[in-house]
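Asks: just the structure for this:
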Amino acid sequence: MKIEDFAPGSFQQQFQYRSFLPVLINQEWTWDTPAIHQLLAEAARHLGELNGLSHIVPDVDHFIHMHVIKEAHTSSRIEGTRTEMEEALEEDPFAIDPEKRNDWREVRNYVEAMNQAVARLDVLPLSNRLLCEAHATLLTGVRGEGKTPGEYRRSQNWIGGASLADAVFIPPHHDEVPALMGDLESFWHNESITVPHLIRLALSHYQFETIHPFLDGNGRIGRLLIALYLVNKGLLHRPCLYVSAHLERHRADYYDALTAVRTRGDLGHWVRFFLVAVNDTARKGVQTFQSIYRLQQEVNLQVQTLGSRASTATRMLDVLYGKPVIRGTEIAARLDLSQPTADRLIRDFVRLGILQEMTGKARNRLFMFSKYFDLFLS
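Replies: This is a model prediction of the structure:
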């Protein structure tokens with residue numbers, strides 16, 4: 001199938017509405033558009049640079065954790081949650097404003113679903129089973145928990161509007177979902193075709209969002225699919241590329257590009273949009289890793305000025321890389337220090353400009369490793 005000649009599918013008459021049935025995608029794909037060749041080469045190059053840095057940056061898992069938190073926060077914001085990044089880092093629900101606790105729990109579920117799914121890739125390839133497991137975790141104890149978590153839908157859903165009668169888009173009938181998702185899984189692992197992975201991934205994300213196989217959580221699982229594919233296929237050693245920030249900044253263009261495929265068959269436009277998203281995200285990821293490495297060198301030199309406390313200060317830095325917004329009591333507990341000893345170390349870090357106090361309180365103070373935290377906000 002040539003991308004330029006793509007026929008996206010057909011509308012099927014159901015009872016009082018028409019659902020969209022996409023064509024199967026597990027086949028050979030070619031294209032003539034020079035821009036796709038160029039964008040594919042650029043995205044692959046920046047993705048390779050990002051993967052290389054993930055191998056050499058010291059203690060990279062701390063930084064991957066921050067990438068996961070950022071992705072969970074941003075991906076959930078696309079779906080309407082209003083949790084701030086510093087709140088997303090919080091692990092204690094009672095530290096969150098009760099009015100924000102449900103949104104916070106959705107973000108934390110996304111973090112858990114992502115971590116579990118990436119870990120499962122060691123024993124289970126990217127598959128429908130893996131996506132369903134992640135979906136079950138995503139909807140545990142939050143809005144949508146009554147919408148068959150971990151199972152593909154057995155009823156009709158829709159996108160936009162208040163009902164099927166005024167929906168913006170109606171995905172395929174639920175009876176079609178198993179075959180469509182089976183075709184998609186086969187496409188991920190079909191070694192008899194020579195389609196580059198980033199093209200397969202662009203087509204897979206479009207197809208997943210068009211099938212909309214779950215009653216809720218499709219957007220988040222569809223974006224998680226991108227990271228899982230890259231790790232499963234060895235394009236990334238660690239899950240350090242997440243496109244949600246790019247998609248949030250270009251949300252209208254994102255939805256328009258998906259719609260253009262379904263309504264006009266303009267698959268080339270979608271593929272170009274997706275490759276730009278990967279390229280932009282990978283390039284910024286490279287810059288973030290480079291900035292982290294420079295910051296590591298800077299603060300390591302600073303803590304060496306603390307003399308006999310330098311060893312404990314280095315351990316404290318290790319904690320801050322995993323949780324750059326933290327209470328003084330947490331620092332004492334994590335380092336197994338008395339509170340007075342931890343407080344002296346905190347004062348050293350504030351004096352050196354590594355930590356900033358955020359609350360202005362005398363007790364239960366909150367501190368931020370701002371130079372590091374800010375690297376994940378852009």
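
Asks: so for the residue most central in space within the chain, what's the nearest residue that isn't a sequence neighbour?
Replies: Computing the C-alpha centroid of the chain and ranking residues by Cα atoms, centre = their mean puts E71 first, at 3.8 Å. Computed as Cβ to Cβ, 6 or more residues apart in numbering, the closest residue to E71 that is not its neighbour in sequence is Y242, at 3.6 Å. No exception for glycine: its C-beta is placed from N, CA and C like everyone else's.

Asks: what's the local residue count around the one you found?
Replies: When counting by other Cβ atoms under 10 Å, one arrives at 23 neighbours for Y242.

Asks: report pLDDT for it.
Replies: On the pLDDT scale, Y242 is placed at 90.

Asks: ok, now which ones touch the residue lying closest to L53 once chain neighbours are set aside?
Replies: Spatially, and ignoring its direct neighbours in sequence, L53 is nearest to F289 (4.2 Å; Cβ to Cβ, 6+ apart). Shown in contact with F289 (Cβ atoms under 8 Å, 6 or more residues apart in numbering): 50, 53-54, 57, 63, 240.

Asks: export those to TSV and tack on secondary structure, neighbour count and distance to I3?
Replies: Listed next are the contacts of F289 as TSV, based on DSSP: H, G, I helix; E, B strand; the rest coil; neighbours: other Cβ atoms under 10 Å; distance: Cβ to Cβ, whole Å:
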residue	secondary structure	neighbour count	distance to I3
L50	helix	25	26
L53	helix	21	31
S54	helix	21	31
V57	coil	19	36
F63	helix	25	36
C240	coil	28	28
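
Asks: farthest-apart pair in those, please.
Replies: Taking Cβ to Cβ as the measure, these span a maximum distance of 11.7 Å, between L50 and F63.

Asks: got the contact list for S338?
Replies: Contacts were defined as Cβ under 8 Å, 6+ apart; by that measure S338 touches A332.

Asks: one step back: next one: the residue nearest to E71 from E106, what distance?
Replies: 17 Å (Cβ to Cβ, to the nearest Å).

Asks: and what of E298?
Replies: As judged by Cβ to Cβ, E298 and E106 stand 36 Å apart.

Asks: compare the two and say which is more crowded by neighbours.
Replies: It is E106, of E298 and E106, that has more neighbours when counted by other Cβ under 10 Å, with 24 against 11.

Asks: which of the three states applies to the more buried one?
Replies: In three-state terms, and counting by DSSP: H, G, I helix; E, B strand; the rest coil, E106 is helix.

Asks: isn't it right up against T81?
Replies: Yes. Here E106 reaches T81: they are 5.4 Å apart, a contact under Cβ atoms under 8 Å.

Asks: for the residue nearest to E71, which three-state class applies?
Replies: Reducing the assignment to helix, strand or coil with three-state DSSP, the entry for Y242 is coil.

Asks: could I get the contacting residues of it?
Replies: Here Y242 is in contact with 67-68, 70-71, 74-75, 223, 226-227, 281 (Cβ under 8 Å, 6+ apart).

Asks: count of residues packed around R365?
Replies: By other Cβ under 10 Å, neighbour count at R365 equals 15.

Asks: just H62 next, same as before
Replies: Here the count is done by other Cβ under 10 Å, and H62 has 19 residues near it.

Asks: and for it, nearest residue in space, chain neighbours not counted?
Replies: Computed as Cβ to Cβ, 6+ apart, the closest residue to H62 that is not its neighbour in sequence is Y321, at 3.9 Å.

Asks: where's the one you found, which helix or strand?
Replies: In the assignment (DSSP states H and E), Y321 maps to helix 310-322.

Asks: contacts for the helix or strand just after that helix, please.
Replies: Towards the C-terminus, the helix or strand next in line after helix 310-322, according to DSSP H and E, is strand 325-327. Identification of contacts with strand 325-327 by Cβ under 8 Å, 6+ apart yields 86, 89-90, 319-320, 358, 364-369, 373.

Asks: picking that back up, which residues does the residue nearest to H62 contact?
Replies: Y321 makes contact with 59, 62-63, 66, 369, 372 under the criterion Cβ under 8 Å, 6+ apart.

Asks: now, those that are in helices?
Replies: Members of these lying in helices (criterion: DSSP state H): 62-63, 66, 372.

Asks: picking that back up, quick one: which of the contacts of F289 is nearest T194?
Replies: Proximity of the contacts of F289 to T194 (Cβ to Cβ) peaks at L50, which lies at 24.1 Å.

Asks: state the pLDDT value of that closest one.
Replies: Taken from the predicted model, the pLDDT recorded for L50 is 96.

Asks: and it, what does it touch?
Replies: By Cβ under 8 Å, 6+ apart, the contact list for L50 reads 236, 240-241, 282, 285-286, 289.

Asks: follow-up on the earlier one: dump the ones in helices among the contacts of Y321 into TSV; add distance to H269 and pLDDT as well.
Replies: TSV is the format used below for the ones in helices among the contacts of Y321 (distance: Cβ to Cβ, whole Å; pLDDT from 0 to 100):
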residue	distance to H269	pLDDT
H62	38	87
F63	34	88
M66	33	90
Y372	38	95
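
Asks: and of those, the nearest to L138?
Replies: For L138, the nearest member of the ones in helices among the contacts of Y321 is M66. The distance, counting by Cβ to Cβ, is 20.1 Å.

Asks: what's the neighbour count on the spatially closest residue to G217 that is not a sequence neighbour?
Replies: The spatial neighbour of G217 that comes closest, neighbours along the chain excluded (Cβ to Cβ, 6+ apart), is L138 at 5.1 Å. A count of neighbours around L138, defined by other Cβ under 10 Å, yields 28.

Asks: now L138, what are its backbone angles?
Replies: The phi and psi torsions at L138 (degrees, to the nearest 10) take the values phi -60, psi -40.
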